[in-house]
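K.L.:
coords please:
(4 chains)
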Protein chains: 2
Amino acid sequence: MIEPLLMKMRRRDDVSAEEEQALRAAVSEVKDYPADLTFVRRNQELAHSTALLEGLMCRYKDLRNGERQVTELHVPGDFADLHSFTLKRLDHEVMTLTPCKVALVPHENLSRITEQYPHLSRVLWFWTNLDAAIHREWEVSLGRRDAVARLAHIFCELQVRLEIVGRANADGYELPMTQTDLSECAGITPVHVNRSLKVLREAGSLEFRNRRVTILDRDKLERAAEFDPSYLYLERRRR
Amino acid sequence: MIEPLLMKMRRRDDVSAEEEQALRAAVSEVKDYPADLTFVRRNQELAHSTALLEGLMCRYKDLRNGERQVTELHVPGDFADLHSFTLKRLDHEVMTLTPCKVALVPHENLSRITEQYPHLSRVLWFWTNLDAAIHREWEVSLGRRDAVARLAHIFCELQVRLEIVGRANADGYELPMTQTDLSECAGITPVHVNRSLKVLREAGSLEFRNRRVTILDRDKLERAAEFDPSYLYLERRRR
DNA sequence: CGCAATCTTGAATCATTTCAACATAAGTGG
DNA sequence: CCACTTATGTTGAAATGATTCAAGATTGCG
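P.N.:
Alright, predicted model coming up:
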């Protein structure tokens, strides 16, 4: 059930059978959410964290004028709100982009892990730090890259993160998002997403059609994005 | 010596005398860095974390064309690279903006804390999650706010963070940064920083002269920035 | 005091937004 | 299963916020 979490974990660290068991035991419930459900609201008190097993989610913040900025996309294997364990409430909302299967992990169970499994605790801490690294790379995109490069970068990042949990092959991956969703990630207008996708398509880098990303030339795409995956911490090592 | 750290910690949590002692004991060395020193390089193996006691620092990433994006500013009381404890290397550089006094905390000492002081560990974890919350708010600024609001938001954030450690009063604070430094935070050109500062000044919101921020009308400034400090998690509670 | 860094302003250019119209795809009820 | 409605995607033209380039003014430092 929590296989994508284990895939993500084992990709970067050694996890003992005992630790795996502790993580499994921490899950109180597995459930399904429909698409377009905001299941964590800003400032809401949280007593559990939500791991994503299947589907696509995002963290976002809205401004008063109705504009939205997505701060991170979540793929299977991610905790969408592990940071709520120490923050207790969040500064952003979390919503499903597609129907999702999730595992709920009560904070009291995480507390038990921090008391009994120091190494596993550090792996969980690592995951929240990995989210922060992704935020930083998005800051670079939003602050310094033009529209085409921002989109290219998002597609490169997802290719890597989805490969880890077996949701992408060399050709590309399913991405059930609209161009408007992408515009809220990239900090540009939906119209400009459309024009920028056309640029990537006509350059022969990438195609995004029928909710599927097809990578036509990965090298060219990564060059367009100035993509360097080292911020995703893909090396295996004991944390 | 580590007083700013304790001020930051006690502002948001209860910390026992024993925990305070554990944190003090974790410091291996206190030293001074000159201004404009990049003391953590991207991908460098790190065996200790650096707490800032006095001065101003930033985390940044450079692109190939030489453009720089600052991803976070650090004030006294912050750990500049606590996340290196689980990440082992960082995806960004860290540099001093002014002469700084720092405390070094070896990772082995942090390991001991995670094994012996679960609550203090969660407070440290909380701090890395607070950095991530700041990253998210900067993503919103960079993705959705115009130049004037981005700068106003930075000034509002610093006012709050510096007040916590007694480095700001109601009037404002010392900010020994150039307009070019600010441009690297806000994702705009130095020229446009200059024009935007003029807008804030002429609106009677804020003045930035002689490396000092003077807040002329805090309400107006916060409205210009659409600033809501809840992402800084100012409430006191047990983590 | 003098040089280098930083700040300031203007004018031309450029990337992105806005507004608008139309095309295509997807979803729903008869 | 089709007809209708709504959501999503596409393109063009005008407007706008930010950049670029350039020149001059001010400040800080050795």
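K.L.:
switch to C-alpha atoms for all contacts and neighbour counts from now on
P.N.:
OK.
K.L.:
Spell out the secondary structure type for residue A:104.
P.N.:
Look at residue A:104: counting by DSSP: H, G, I helix; E, B strand; the rest coil, its state is strand.
K.L.:
beta partners for it?
P.N.:
Per DSSP bridges, the residues bridged to residue A:104 are residue A:29, residue A:50.
K.L.:
pLDDT at it, what is it?
P.N.:
We have a pLDDT of 98 for residue A:104.
K.L.:
Kindly report the same for residue A:230.
P.N.:
Reading off the model, residue A:230 has pLDDT 98.
K.L.:
That one contacts residue B:91, doesn't it?
P.N.:
Yes - applying CA atoms under 8 Å as the test, residue A:230 and residue B:91 come out as touching, 6.7 Å apart.
K.L.:
Which of the two has more residues huddled nearby?
P.N.:
residue B:91 (24 against 13; other CA atoms under 10 Å in any protein chain shown).
K.L.:
Please tell me I have it right and that one contacts residue A:132.
P.N.:
No - using CA under 8 Å, residue B:91 is not in contact with residue A:132; the gap is 10.4 Å.
K.L.:
what's the burial count for residue A:31?
P.N.:
Count around residue A:31 with other CA under 10 Å applied: 10.
K.L.:
A helix includes it, no?
P.N.:
No - using three-state DSSP, the assignment for residue A:31 is strand, not a helix.
K.L.:
Distance check, it against DNA strand D.
P.N.:
To DNA strand D, residue A:31 is 24 Å away according to CA to the nearest atom of the strand, to the nearest Å.
K.L.:
Equivalent analysis for residue A:158, please.
P.N.:
To DNA strand D, residue A:158 is 17 Å away according to CA to the nearest atom of the strand.
K.L.:
And residue A:181, by the same measure?
P.N.:
7 Å.
K.L.:
Could I get the phi/psi values of the residue nearest the centre of chain A?
P.N.:
Central residue of chain A (CA atoms, centre = their mean): residue A:74, 2.5 Å from the mean position. Main-chain dihedrals, residue A:74, degrees, to the nearest 10: phi -120, psi 140.
K.L.:
isn't it right next to residue A:56, touching?
P.N.:
Yes - counting by CA under 8 Å, residue A:74 touches residue A:56, with 5.8 Å between them.
K.L.:
Need the pLDDT of residue A:21.
P.N.:
Per-residue confidence (pLDDT) for residue A:21: 96.
K.L.:
what do you get for residue A:1?
P.N.:
Residue A:1 is given a pLDDT of 85.
K.L.:
does it really touch residue A:52, like I thought?
P.N.:
No - Residue A:1 lies out of contact with residue A:52 (CA under 8 Å); the separation is 10.6 Å.
K.L.:
near DNA strand C at all, the top helix by length along chain A?
P.N.:
Criterion DSSP state H: the longest helix present in chain A is helix A:118-144. No - using CA under 7 Å from any atom of the strand, helix A:118-144 stays clear of DNA strand C, with a minimum separation of 8.9 Å.
K.L.:
residue contacts, the closest residue to residue A:164 other than its chain neighbours?
P.N.:
Closest residue to residue A:164 apart from its sequence neighbours, by CA to CA, 6 or more residues apart in numbering or on different chains: residue A:8 at 6.4 Å. Going by CA atoms under 8 Å, 6 or more residues apart in numbering or on different chains, residue A:8 touches A:77, A:78, A:164, A:165.
K.L.:
Do I have it right that the second one meets residue A:51?
P.N.:
It stands for residue A:78. Yes - using CA under 8 Å, residue A:78 makes contact with residue A:51 at a distance of 5.9 Å.
K.L.:
And for residue A:239, the neighbour number?
P.N.:
Using other CA under 10 Å, residue A:239 has 18 neighbouring residues.
K.L.:
how much space between it and residue B:47?
P.N.:
Distance, residue A:239 to residue B:47, by CA to CA, to the nearest Å: 12 Å.
K.L.:
what do those two both touch?
P.N.:
Joint contacts of residue A:239 and residue B:47 (CA under 8 Å, 6+ apart) are residue B:88.
K.L.:
what ranges do the strands span in chain A?
P.N.:
Using DSSP state E, the strands of chain A run over A:29-33, A:38-40, A:48-54, A:57-62, A:68-74, A:93-96, A:100-106, A:168-169, A:172-174, A:206-209, A:212-215.
K.L.:
Reformat the ones you listed as JSON lines; add distance to residue B:185.
P.N.:
Formatted as JSON lines, the strands of chain A follow (distance: least, CA to CA, whole Å):
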{"stretch": "strand A:29-33", "distance to residue B:185": "38"}
{"stretch": "strand A:38-40", "distance to residue B:185": "29"}
{"stretch": "strand A:48-54", "distance to residue B:185": "32"}
{"stretch": "strand A:57-62", "distance to residue B:185": "20"}
{"stretch": "strand A:68-74", "distance to residue B:185": "17"}
{"stretch": "strand A:93-96", "distance to residue B:185": "25"}
{"stretch": "strand A:100-106", "distance to residue B:185": "36"}
{"stretch": "strand A:168-169", "distance to residue B:185": "34"}
{"stretch": "strand A:172-174", "distance to residue B:185": "34"}
{"stretch": "strand A:206-209", "distance to residue B:185": "31"}
{"stretch": "strand A:212-215", "distance to residue B:185": "32"}
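K.L.:
With distance to DNA strand C added, can I get the ones you listed in JSON lines?
P.N.:
Output for the strands of chain A, formatted as JSON lines (distance: least, CA to the nearest atom of the strand, whole Å):
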{"stretch": "strand A:29-33", "distance to DNA strand C": "16"}
{"stretch": "strand A:38-40", "distance to DNA strand C": "19"}
{"stretch": "strand A:48-54", "distance to DNA strand C": "18"}
{"stretch": "strand A:57-62", "distance to DNA strand C": "15"}
{"stretch": "strand A:68-74", "distance to DNA strand C": "12"}
{"stretch": "strand A:93-96", "distance to DNA strand C": "15"}
{"stretch": "strand A:100-106", "distance to DNA strand C": "15"}
{"stretch": "strand A:168-169", "distance to DNA strand C": "20"}
{"stretch": "strand A:172-174", "distance to DNA strand C": "13"}
{"stretch": "strand A:206-209", "distance to DNA strand C": "9"}
{"stretch": "strand A:212-215", "distance to DNA strand C": "10"}
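K.L.:
Between those strands, which one is closest to residue B:117.
P.N.:
Smallest distance to residue B:117 across those (CA to CA): 20.8 Å, for strand A:100-106.
K.L.:
and the closest one, what other elements does it pack with?
P.N.:
Under the contact definition 3 or more CA pairs under 8 Å, 6 or more residues apart in numbering or on different chains; DSSP states H and E, strand A:100-106 sits against strand A:29-33, strand A:48-54.
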